[in-house]
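> build me a structure from this.
(one chain, ligands or ions: 1)
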Amino acid sequence: MEDKVISIADRRTQATYELPLHKGALRAMDLRQIKTGPDDFGLMTYDPAFMNTASCESAITFIDGDRGILRYRGYPIEQLAEKCTFLEVAYLVLFGELPTSAELADWVDQITHHTMLHETTKKFLEGFRYDAHPMGMFISTVAALSTVYPGARNVHDAEARKLQIYRLIGKVPTIAAYTYRHSRGFPYVYPDNDLSYPENFMNMLWKMAEPKYQAHPHLAKALDVLFILHADHEQNCSANVMRAVGSSLADPFVCTAAAAAALSGPLHGGANEEVLKMIDEIGSKDRVPAYVESVKAGHGKLMGFGHRIYKNYDPRARIIKWAADRVFEVTGGNPKLEIALELERIALQDEYFVKRKLYPNVDFYSGIMYQAMGFKPEMFTVLFAIPRTVGWLAQWQEMLADPEQKIARPRQIYTGHEARDFVPIEKRGVKAAPPTR
Ligand SMILES: CC(C)(COP(=O)(O)OP(=O)(O)OC[C@H]1O[C@@H](n2cnc3c(N)ncnc32)[C@H](O)[C@@H]1OP(=O)(O)O)[C@@H](O)C(=O)NCCC(=O)NCCS
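Okay, the predicted model is just below:
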């Protein structure tokens, strides 16, 4: 019993409290009873950026950042990347177990038959400027699907939810491919139901005049592995957004669009694009030491390095290196790889990075690999959003099924003015001093 209860002594009142631990964590609401008097609101926790707050229970993804472990539903990421297809992993992440042959066949069939976009959605995409960022087009188009499927608002209906899951997983590659074709000025290619999930995506991206697109099997496999690695990553910034927006019972299309918006930032999924920009800025291998010194001196960050959770290594980065080798066998080496390897070598020996436990993360090599496959950096985050849609939907379903969840609504510590009287405009000559924190 002892280790399941924590004692708190309040020196303000000399009161002591015995607070039970819930699965090893203190329930923040239990702190409310710690008061200095009847008018006191009760104790709150203050945790900007959720550095030490579990916002939910989850059975989807396990990460041990110190030991570099990532598991989906208990299965190590290394085994899934080696032995499964992405759609098999998607089923596991969403429904909790690996599918049987019959379940997998039905699942693949459902996804394959939900890949088409309504023609009005295609027209919607055509309205973007020629140089629109693909991630902006992706986010807006996913949100626009909400208008095509009004039944999606019925979030408490399990069958309706399942249909939206088929639609979203089926359609995100189509939207992604259309954003790419739009930016290149190429006509859109319709999905081909004979092809696997990654092959069909490649078909919609790169088919030109040939009657049937043939994806290179090594590139299709590498893309599938990348999709597996990116499927979920527990309570990251975009998953948290998916849950927060979903907690208001908004439909899954707008929730996914919101999560994708969170992903687009350079500190999250936008990092792989930034890695390429950084490597371009460095320019050549001999300039790496000077660049590392400038980062240490406080001029920017080494993009693709560091992680809030992984403080040993990012297990996905290792698998990506393996997949990158397979890609380079087909495409030939990427000169940027040489700069990246040198950057990694120097940073991993440098006390600044060692002391802060900064290692290459998943984004460090994925961008170089994507570029070798023919993608422009603007597309990188869209490529991340395709598989992460699976994780977002799994988090969303889990949130809806959790009886403890309510609309997400944090507290704040107010630091503004006390109440004060309105000042008419003619009397506002002298600015009041800004509030102090
Ligand atoms: C991922 C990231 C946002 C995690 O941030 P975080 O957990 O809040 O870590 P902090 O920003 O507190 O970093 C801790 C220390 O390491 C430094 N640091 C973190 N990432 C760094 C990087 N990529 N390059 C140089 N220094 C870095 C910080 O400046 C800080 O140093 P200090 O203690 O001297 O102030 C951060 O490492 C980062 O911005 N990385 C680059 C972007 C990136 O690759 N994102 C993809 C994530 S998958």
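> contacting residues around the closest residue to residue 339 other than its chain neighbours?
Spatial nearest neighbour of residue 339, excluding adjacent residues (C-beta to C-beta, 6 or more residues apart in numbering): residue 279 at 5.1 Å. Any C-beta I mention is one placed from the backbone N, CA and C, and that applies to glycine too. By C-beta atoms under 8 Å, 6 or more residues apart in numbering, the residues touching residue 279 are 336, 339, 340, 343, 368.
> assumed the first one was part of a helix.
Yes - the assignment for residue 336 (DSSP: H, G, I helix; E, B strand; the rest coil) places it in a helix.
> in this structure residue 228 contacts residue 81, no?
Yes - between residue 228 and residue 81 a contact is recorded at 5.1 Å, counting by C-beta atoms under 8 Å.
> more neighbours: the two, which one.
Between residue 228 and residue 81, counted using other C-beta atoms under 10 Å, residue 228 has the larger neighbour count: 27 against 23.
> neighbours around the closest residue to the ligand within the stretch 1-150 of the chain, how many?
Residue nearest to the ligand within the stretch 1-150 of the chain: residue 49 (6.9 Å; C-beta to the nearest ligand atom). Look at residue 49: counted by other C-beta under 10 Å, it has 8 neighbours.
> my read is it is in a helix, agree?
Yes - using three-state DSSP, the secondary structure at residue 49 is a helix.
> distance check, it against residue 381.
Note on residue 49: its distance to residue 381, by C-beta to C-beta, to the nearest Å, is 21 Å.
> and residue 148, by the same measure?
For residue 148 relative to residue 381 (C-beta to C-beta), the value is 24 Å.
> show me what contacts the residue of the stretch 1-150 of the chain closest to the ligand?
Contacts of residue 49 (C-beta under 8 Å, 6+ apart): none.
> what do you get for the one 4 residues further on?
Contacts for residue 53 were tallied using C-beta under 8 Å, 6+ apart; they are 28, 45, 47.
> from these, list the buried ones, please.
With burial judged by 16 or more other C-beta atoms under 10 Å, the buried subset of the contacts of residue 53 is empty.
> JSON lines for those residues, including distance to the ligand and pLDDT?
Output for these, formatted as JSON lines (distance: C-beta to the nearest ligand atom, whole Å; pLDDT from 0 to 100):
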{"residue": "28", "distance to the ligand": "21", "pLDDT": "97"}
{"residue": "45", "distance to the ligand": "18", "pLDDT": "97"}
{"residue": "47", "distance to the ligand": "13", "pLDDT": "97"}
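> which residues in the stretch 301-437 of the chain form helices?
315-331, 335-349, 351-355, 362-372, 380-401 (DSSP state H, counting those that start in this stretch).
> and the one residue in the stretch 201-350 of the chain that gets nearest to the ligand, what pLDDT?
Nearest residue of the stretch 201-350 of the chain to the ligand, counting by C-beta to the nearest ligand atom: residue 306, 2.4 Å away. At residue 306, the predicted lDDT confidence score is 91.
> how about it, nearest residue that isn't a chain neighbour?
residue 358 (4.4 Å).
> where's that neighbour relative to residue 12, distance?
Residue 358 is 40 Å from residue 12, by C-beta to C-beta.
> between the two, which one's more packed in?
Per other C-beta under 10 Å, whichever of residue 358 and residue 12 has more neighbours is residue 358, with 20 against 10.
> look up the closest residue to residue 334, ignoring the ones flanking it.
The shortest distance from residue 334 to any non-neighbouring residue, by C-beta to C-beta, 6+ apart, is to residue 372 (4.5 Å).
> hang on, the one you found packs against residue 327?
Yes - between residue 372 and residue 327 there is a contact under C-beta under 8 Å: 5.4 Å.
> what number of residues lie near the residue lying closest to residue 366 once chain neighbours are set aside?
Leaving out its chain neighbours, the residue that sits closest to residue 366 by C-beta to C-beta, 6+ apart is residue 272, at 5.1 Å. A total of 27 residues lie near residue 272 under the criterion other C-beta under 10 Å.
> helix or strand for residue 272, which one?
helix 271-282 (DSSP states H and E).
> next, residue 41: phi, psi?
Backbone geometry at residue 41, expressed as degrees, to the nearest 10, gives phi -60, psi -30.
> what sits against it?
For residue 41, the contacting residues are 32, 35, by C-beta under 8 Å, 6+ apart.
> and it, how far is that from residue 34?
Residue 41 sits 11 Å away from residue 34 when distances are taken as C-beta to C-beta.
> how about residue 387?
Taking C-beta to C-beta as the measure, residue 387 falls 44 Å from residue 34.
> next: residue 392.
Distance from residue 392 to residue 34, counting by C-beta to C-beta: 36 Å.
> what does residue 320 give?
47 Å.
> over to residue 323?
Residue 323 sits 51 Å away from residue 34, going by C-beta to C-beta.
> count the neighbours of the residue nearest to residue 116 when sequence neighbours are not counted for me.
Excluding its sequence neighbours, the residue lying closest to residue 116 (C-beta to C-beta, 6+ apart) is residue 191, at 6.1 Å. Residues lying near residue 191 (other C-beta under 10 Å) number 21.
> if I look at residue 191, how far off is the ligand?
From residue 191 over to the ligand the distance is 30 Å, taken as C-beta to the nearest ligand atom, to the nearest Å.
> give the contact list for that residue.
Counting by C-beta under 8 Å, 6+ apart, residue 191 has contacts 112, 115, 116, 174, 200, 203, 204.
> residue 387 and residue 34: who's more crowded?
More crowded of residue 387 and residue 34, by other C-beta under 10 Å: residue 387, with 25 against 18.
> buried ones in stretch 32-45, by neighbour count?
Counting neighbours by 16+ other C-beta under 10 Å, stretch 32-45 gives 34, 35, 43 as buried.
> endpoints of that stretch, how far apart?
Stretch 32-45 has an end-to-end distance of 10 Å (C-alpha to C-alpha, to the nearest Å).
> stretch 403-416 too?
End-to-end distance of stretch 403-416 (C-alpha to C-alpha): 35 Å.
> also stretch 427-434?
Stretch 427-434 end-to-end distance (C-alpha to C-alpha) = 17 Å.
> likewise stretch 51-62?
End-to-end distance for stretch 51-62: 17 Å, by C-alpha to C-alpha.
> how about the residues of the stretch 301-437 of the chain by the ligand?
Proximity of the stretch 301-437 of the chain to the ligand (C-beta under 6 Å from any ligand atom) is limited to residues 301-308, 356, 358, 361-363.
> recalculate using a threshold of 8 Å.
Residues of the stretch 301-437 of the chain lying near the ligand by C-beta under 8 Å from any ligand atom: 301-308, 314, 352-353, 356, 358, 361-364.
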